[in-house]
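Colleague: Pasted the sequence and its predicted model underneath.
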Amino acid sequence: MPDARAELSSLASALSELTRRVGSLAEQAEAAHDDELSVELFACERALRGAGRRLERLTHPRGRGGNR
């Protein structure tokens, strides 16, 4: 399924950039002492990082049978 892997790799790159941007906004909110916003943005960043790791596993499997 090489075509799907290329598409997943592209999505992983886009997700990485989005994660970086959300993290930057979270840091700005934290510096501005906007605790409610920073907490929510950091939670979003963690969720995006988790999604990124899952996509990474799909684009770079470590062997048959252990991909889930």
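Modeller: Structure received.
Colleague: any chance you could map the helices in the chain?
Modeller: Per DSSP state H, the chain carries helices over the ranges 2-31, 35-59.
Colleague: how about those in JSON lines, adding mean pLDDT and mean neighbour count?
Modeller: C-beta coordinates here come from the backbone N, C-alpha and C atoms, glycine included. Output for the helices of the chain, formatted as JSON lines (pLDDT from 0 to 100; neighbours: other C-beta atoms under 10 Å):
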{"stretch": "helix 2-31", "mean pLDDT": "93", "mean neighbour count": "14"}
{"stretch": "helix 35-59", "mean pLDDT": "95", "mean neighbour count": "15"}
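Colleague: How about the contacts made by residue 11?
Modeller: Counting by C-beta atoms under 8 Å, 6 or more residues apart in numbering, residue 11 touches residue 55.
Colleague: What distance do you get for it to residue 33?
Modeller: As for residue 11, its distance to residue 33 is 35 Å (criterion: C-beta to C-beta, to the nearest Å).
Colleague: what's the answer for residue 40, then?
Modeller: Separation of residue 40 from residue 33 (C-beta to C-beta) stands at 15 Å.
Colleague: swap in residue 47?
Modeller: From residue 47 over to residue 33 (counting by C-beta to C-beta), the distance is 23 Å.
Colleague: before we move on, what about residue 24?
Modeller: 17 Å.
Colleague: Just give me the neighbour total for residue 33.
Modeller: With neighbours defined by other C-beta atoms under 10 Å, the count for residue 33 comes to 8.
Colleague: Can you check the pLDDT for it?
Modeller: As predicted, residue 33 sits at a pLDDT of 98.
Colleague: Identify the residue spatially nearest to residue 49, adjacent ones excluded.
Modeller: Distances taken as C-beta to C-beta, 6 or more residues apart in numbering place residue 19 nearest to residue 49, at 5.8 Å, with adjacent residues excluded.
Colleague: That concludes my questions; thank you for your assistance.
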